[in-house]
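# For reference, the sequence and a predicted model appear below.
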Amino acid sequence: MTAQLIDIAVDSDDPEQSLTIRAYTRLRSSIISGELAPGQRLKVESLRDIIAVGATPIREALSLLTSERLVERIDKRGFRVTEISLAEYEDLHRTRCLLEEHALRESIASGDQAWEDRIVLVHHRFRRLPRTVSDAARGERSNPEWERLHKAFHMSLLAASPSKTVLQFCDQLHDRINRYRSVAAVGSMGHRDWKAEHDAITEATLNRDVELAVKELMQHYSATSDILQGTLNTQAAPRTHRKPGGADKQPFTRERGRPLDNR
């Protein structure tokens, strides 16, 4: 379930449900961005102070996140951010490629002029943004607006697919894979001309060249996957250390360096 779907599923006039959405959105964003690290304990008392909502909305938000496998329930001890694993990433990548190839083929076949216009607009805005931002407090990091429009671009390619279920899964897979990209972003792993790659995908899609569009998209994802898997392998050693009984000695952390030159 995504934040957009929760907005539909609940009565927005209910103050308690609105607080749950607020807590859910904040927690989900922090997990996907890597701000809340894999394996990190999620204590309701601490989260109340950070998000400024009560304990009940926090617990409800955490329960919703368990359904997305972003949060794990610890028997009688609360919640923690779901761990990452290379095996899960490989499964997510394969599933994403299967679903997005199907959705892209359908989208190209069904897309109208408004669909084309949306792709052109989002691609134009996305292409003009800097990949990273920096400040004295946090150093160089991924540009949040770039990340937002990056997702909007990829979803716009698929948007004309008639299968809302497939699109929902593609939306969720993008976010779950983005969490891996965030955790793996310890430094630049070689130059990637992301503008050229997205240009090629856009051109083939707008030309209705189905086979070329699929080829460009799959190559784009495969190149990212190769870099990310190599990075995850090198990060296996510093993963979370735990005391007996599951309590964290120290949460997994990562250097807040440049993001992978991919996507």
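The structure has been received and is ready for your questions.

# For the stretch 101-250 of the chain, which segments count as strands?
All strands of the stretch 101-250 of the chain, identified by DSSP state E, counting those that start in this stretch, fall at 132-135, 139-142, 241-242, 248-250.

# per-stretch mean pLDDT over those, give me the minimum one.
Lowest mean pLDDT within the strands of the stretch 101-250 of the chain: strand 248-250, a mean of 38.

# Report how many residues lie close to residue 211.
Residue 211 sits with 9 neighbouring residues when counted by other C-beta atoms under 10 Å. Every C-beta, even on glycine, is put in place using the N, C-alpha and C of the backbone.

# Same question for residue 52.
11.

# can you pull the contacts of it?
Applying C-beta atoms under 8 Å, 6 or more residues apart in numbering to residue 52 gives no contacts.

# separation between it and residue 162?
41 Å (C-beta to C-beta, to the nearest Å).

# Point out where the stretch 101-250 of the chain drops to low pLDDT.
185-191, 235-250 (pLDDT under 70).

# mind listing the helices for it?
Counting by DSSP state H, counting those that start in this stretch, the stretch 101-250 of the chain has helices at residues 113-127, 144-158, 164-184, 194-206, 210-234.

# Looking at these, which is nearest to residue 86?
Minimum separation from residue 86 across the helices of the stretch 101-250 of the chain (C-beta to C-beta) falls at helix 210-234, 5.4 Å.

# Against which helices or strands is that closest one packed?
helix 86-110, helix 164-184, helix 194-206 (3 or more C-beta pairs under 8 Å, 6 or more residues apart in numbering; DSSP states H and E).

# what comes up buried for that helix?
Across helix 210-234, burial judged by 16 or more other C-beta atoms under 10 Å covers 210, 213-214, 216-217, 220-221, 224-225, 227-228, 231-232.

# between those residues, which is closest to residue 197?
Within those, the smallest distance to residue 197 is 5.0 Å, found for residue 220 (C-beta to C-beta).

# Now the closest one: closest residue in space, sequence neighbours ignored.
residue 197 (5.0 Å; C-beta to C-beta, 6 or more residues apart in numbering).

# just residue 154 next, same as before
Nearest residue to residue 154, sequence neighbours excluded (C-beta to C-beta, 6+ apart): residue 174, at 6.4 Å.

# OK, contacts around that neighbour?
Contacts of residue 174 (C-beta under 8 Å, 6+ apart): 96, 151, 154-155.

# That one and residue 108, how far apart?
From residue 174 across to residue 108, the span is 19 Å (C-beta to C-beta).

# Thought residue 158 was touching residue 110, still the case?
No: judged on C-beta atoms under 8 Å, residue 110 makes no contact with residue 158 at a distance of 10.6 Å.
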